[in-house]
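Trainee: how would this look folded up:
(one chain, ligands or ions: 3)
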Amino acid sequence: MKKSEIKALEENLLIQIKKNPLPEHIAIIMDGNGRWASKRKFPRLRGHHAGAEAIRRTITASRELGLKNLTLYAFSTENWRRPQKEITGLFSLMTRFLKKETAMMLKNDISLKTIGDISKIPIGPQKTLIETIEKTSHCRSLNVFVALNYGSRQEIAYAVTRLIQESEKNSLSNIQPEDIERFLYTSGVTDPELLIRTSGERRISNFLLWQISYAELYFTDVLWPDFSKKDLYNSIIDFQQRKRRFGGL
Ligand code: IPE
Ligand code: IPE
Ligand code: MG
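Mentor: Ligands and ions are numbered 1, 2, ... in the order given. Model (predicted):
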């Protein structure tokens, strides 16, 4: 497709999106970088590089749309099982990405935040991450939550531990969902209304199990590095056509 044709297509999708309310929070399981690279006989890391471009595109498109919260699954607690070389490559890519994109985030009033236990992340990348979080903390238009060393079961177990530590003994016999919620990484943030997973896999892989209780799920075969503005728009249009009942009629 020609550039001008893509632009026209995007414009049309945008007109459609604007007819209905936007979700406030979209979460994405960005999958398929490795397969994107294998298809081209590239090393896996090149797939992750192309994936970083897709992240930039998605953040920009989300900001233009006026989305409030975007959560991106970047590294799971299970991803430590990968070869050390890939892990190191991923974190150094993240460091470069953050250094390069901080200016863009500041200019567009976008804040970076994380969910997950970042204390286990290699110290250099961890420092850059904390710097970026601090530098962008005053930004309000779009919050980008990056899930790093994130696992949902670990998050819930940690929340329950904190709850027990901070509770009077007798209040623990009747724990309410709100009590647990208070200690989740996402405390205070609207639950994602839409969860997208790319690359044709149809599973959750330990991501936001609590928070997606009533999210609409959207699976696409597009590999993450190919994920475009048009794909984001299509997922939102699909979401806007769903009937959400929340157990009612
Ligand atoms: C997603 O792409 C990125 C991370 C999990 C870090 P993958 O690396 O999982 O790509 P595939 O699934 O092997 O294609
Ligand atoms: C999920 O992708 C984690 C991230 C996208 C960071 P994986 O590629 O790790 O998931 P599985 O192993 O296919 O379930
Ligand atoms: Mg994968």
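Trainee: contacts, neighbours, all on C-alpha from now
Mentor: Will do.
Trainee: which parts of this protein are helices?
Mentor: Under the criterion DSSP state H, helices of the chain are mapped to 3-17, 33-39, 44-65, 84-107, 123-135, 152-165, 177-181, 229-240.
Trainee: quick one: low-confidence parts of this protein?
Mentor: Within the chain, the stretches with pLDDT under 70 are 170.
Trainee: export stretch 24-39 to CSV, keeping only CA atoms.
Mentor: Output of stretch 24-39 as CSV, limited to C-alpha atoms (Å, rounded to 0.1, in the frame of the first residue of the first chain):
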residue,chain,number,x,y,z
GLU,A,24,-9.5,4.6,29.3
HIS,A,25,-6.9,1.9,29.6
ILE,A,26,-5.5,-0.5,27.0
ALA,A,27,-3.1,-3.3,27.9
ILE,A,28,-0.9,-5.1,25.3
ILE,A,29,0.9,-8.4,25.4
MET,A,30,3.5,-7.5,22.8
ASP,A,31,4.4,-10.9,21.4
GLY,A,32,6.1,-12.2,18.2
ASN,A,33,9.4,-10.3,18.0
GLY,A,34,11.4,-13.6,17.8
ARG,A,35,9.2,-15.0,15.0
TRP,A,36,9.3,-11.8,13.1
ALA,A,37,13.1,-12.1,13.1
SER,A,38,13.2,-15.8,12.3
LYS,A,39,11.0,-15.3,9.3
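Trainee: is there proximity between it and ligand 2?
Mentor: Yes: legend: contact between stretch 24-39 and ligand 2 by C-alpha under 6 Å from any ligand atom is shown at Ile29, Met30, Asp31.
Trainee: export the residues you listed to CSV and append columns for distance to ligand 1 and neighbour count.
Mentor: Formatted as CSV, these follow (distance: C-alpha to the nearest ligand atom, whole Å; neighbours: other C-alpha atoms under 10 Å):
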residue, distance to ligand 1, neighbour count
Ile29, 8, 23
Met30, 5, 21
Asp31, 4, 23
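Trainee: hmm, Tyr73 and Val146 touching each other?
Mentor: Yes: in this structure, Val146 is within contact of Tyr73 by C-alpha atoms under 8 Å, at 6.2 Å.
Trainee: settle it for me: which of these two has more neighbours?
Mentor: Between Val146 and Tyr73, Tyr73 has the larger neighbour count (other C-alpha atoms under 10 Å), namely 23 against 20.
Trainee: mind listing the residues bridging to that one?
Mentor: Beta-bridge pairing for Tyr73 (DSSP bridges): Ile29, Ala147.
Trainee: how about the residues of this structure by ligand 1?
Mentor: So the chain meets ligand 1 at Met30, Asp31, Gly32, Asn33, Gly34, Arg35, Ala74, Phe75 (C-alpha under 6 Å from any ligand atom).
Trainee: contacting residues for the fifth one?
Mentor: With contacts taken as C-alpha atoms under 8 Å, 6 or more residues apart in numbering, Gly34 has the following neighbours: Arg44, Leu45, Gly47, His48.
Trainee: mind doing that once more with 7 Å?
Mentor: Arg44, Gly47 (C-alpha atoms under 7 Å, 6 or more residues apart in numbering).
Trainee: do you know how far the closest residue to Asn33 other than its chain neighbours is from Thr58?
Mentor: Nearest residue to Asn33, sequence neighbours excluded (C-alpha to C-alpha, 6 or more residues apart in numbering): Gly47, at 4.5 Å. Going from Gly47 to Thr58 by C-alpha to C-alpha, to the nearest Å gives 16 Å.
Trainee: looking at the two, which has the bigger crowd around it?
Mentor: A count of neighbours by other C-alpha under 10 Å puts Gly47 above the other of Gly47 and Thr58, at 22 against 19.
Trainee: ok, now which ones touch that one?
Mentor: Gly47 makes contacts with Asn33, Gly34, Trp36, Ala37, Pro225, as judged by C-alpha under 7 Å, 6+ apart.
Trainee: rewinding a little: look up how far Gly32 lies from the residue nearest to Asn33.
Mentor: Taking C-alpha to C-alpha, one finds Gly47 at 8 Å from Gly32.
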